[in-house]
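Novice: coords please:
(2 chains)
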There are 2 protein chains.
Amino acid sequence: MAKESTTIDIGEPSTVTKSTSHAVADEKKKSFVTAAAGGGYKRGLAIFDFLLRLAAIGITIGASSVMFTAEETLPFFTQFLQFQAGYDDFPTFQFFVIAIAIVASYLVLSLPFSIVTIVRPLAVAPRLILLISDTVVLTLTTAAAAAAASIVYLAHNGNANTNWLPICQQFGDFCQTTSTAVVAASISVVFFILLIVISAIALKRH
Amino acid sequence: MAKESTTIDIGEPSTVTKSTSHAVADEKKKSFVTAAAGGGYKRGLAIFDFLLRLAAIGITIGASSVMFTAEETLPFFTQFLQFQAGYDDFPTFQFFVIAIAIVASYLVLSLPFSIVTIVRPLAVAPRLILLISDTVVLTLTTAAAAAAASIVYLAHNGNANTNWLPICQQFGDFCQTTSTAVVAASISVVFFILLIVISAIALKRH
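Specialist: Predicted coordinates for the structure are as follows:
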């Protein structure tokens, strides 16, 4: 409590508070009232932040596991060769699975910090930590999603100039599954942008 | 000036200022002194922000134009075919050129806002605008860099599973040039992360 009373923003209209709480002259109580007034919408932001993180955990775990299980074996085979496509045939998809799994773990680990910002909406340190680490993880998520998207595009369309043939005619289900994973990761990118905007608004002075 | 005196952070050790400026009892002058003390390191951050933006403009223009001029024609040709590789043979590289050019234009347009934060280090609005738009543009830059990187990787190594052959044995110079552009874009990603961290630190209350 002593900490909270030092971190409150006295830039708030504290004179108004002073006139309403005319009877209670206790300094500590007054600062608590001011903190509660200032922390109101910031607590709302913190709760929204927590819910967004929960949704992002679901989406990233989904994206990673959908890509991990993407596999298709064609129903015909020759004597020496069975036609099969899996995520581990593409280094980019392997990177995707690992990166998005790391992002999901980070989101789980960030939940305690998010809870701290709900309990203490005016605390600066956990907000700043969340904003900076969210920015770094946003980069990782975007990189994984974009790299996988460019490979998915290539698998769908091929490239006539370099003679890279599209494989989606043969492996339609595999392409469908990997596309789904890429879309899920892209949605989680939007979630991260929202999380950063929330942190920025919660950090600003008034 | 009247605006600035209302937005200053009284959470700063104003009692120290009060004791040093014992002679001057003028309220306005005192608040200006406090603002100057609070804005000191924030002005430093704003100047660093401006310089980072200038560097990022150079790097993004460089990356975009290097990719744009990436072209290689092989010294032999058949009767019907001349072997040539350019950035416009790859949709991902076209996206890279356009996206990074947009990022460079955004950076130029963001310079006035950065100057406003140097002149008024305690103003919240331009900082918040810069932070949010930097986050969105960071996503665009990362997506362009990662998508191009996955194609460059494929051009170097190929993919035996899908029978996509590496083209860098033939088009060595082209691969070299595109790799350089990707590295430059990745450096500008780091710059954007720094810009966001600077904005976050400048936004926090004390």
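Novice: For the rest of this, base every contact and every neighbour count on C-alpha atoms.
Specialist: Fine.
Novice: Next, count neighbours for the residue in chain A that chain B sits nearest to.
Specialist: As assessed by Cα to the nearest Cα, chain B sits closest to A:Ala147 within chain A, at 4.3 Å. Neighbour count for A:Ala147, taken as other Cα atoms under 10 Å in any protein chain shown: 25.
Novice: Hmm, B:Val152 and it touching each other?
Specialist: No. In this structure A:Ala147 lies outside contact range of B:Val152 using Cα atoms under 8 Å: 10.6 Å.
Novice: What segments of chain A are helices?
Specialist: A:2-7, A:14-20, A:27-68, A:91-119, A:125-157, A:172-203 (DSSP state H).
Novice: just to revisit the earlier point, list the contacts for the residue lying closest to the residue of chain A closest to chain B once chain neighbours are set aside?
Specialist: If the residues on either side of it in the chain are set aside, A:Ala147 comes closest to B:Ala147, at 4.3 Å by Cα to Cα, 6 or more residues apart in numbering or on different chains. Applying Cα atoms under 8 Å, 6 or more residues apart in numbering or on different chains to B:Ala147 gives the contacts A:143, A:146-150, B:92, B:96.
Novice: at 10 Å instead, please
Specialist: B:Ala147 is in contact with A:142-151, B:92-93, B:95-96, B:182, counting by Cα atoms under 10 Å, 6 or more residues apart in numbering or on different chains.
Novice: swap in A:Leu109?
Specialist: Contacts of A:Leu109 by Cα under 10 Å, 6+ apart are A:Val103.
Novice: Could you do A:Ala85 as well?
Specialist: A:Ala85 touches A:70-74, A:167, A:170-171, A:173-175, B:161-162, counting by Cα under 10 Å, 6+ apart.
Novice: Taking those residues together, which two end up most distant?
Specialist: A:Asp173 and B:Asn161 (16.8 Å; Cα to Cα).
Novice: quick one, which of the two is more surrounded?
Specialist: A:Asp173 (16 against 13).
Novice: Retrieve the pLDDT associated with the closest residue to the more buried one other than its chain neighbours.
Specialist: Spatial nearest neighbour of A:Asp173, chain neighbours left out: A:Glu72 (6.8 Å); criterion: Cα to Cα, 6+ apart. Looking at A:Glu72, its pLDDT reads 85.
Novice: Distance check, A:Glu72 against A:Ala143.
Specialist: 25 Å (Cα to Cα, to the nearest Å).
Novice: So between the two, which is more surrounded?
Specialist: A:Ala143 (27 against 18).
Novice: Quick check, pLDDT for the more buried one.
Specialist: At A:Ala143, pLDDT is 97.
Novice: What is the neighbour count of A:Ile129?
Specialist: A:Ile129: 16 neighbours (other Cα under 10 Å).
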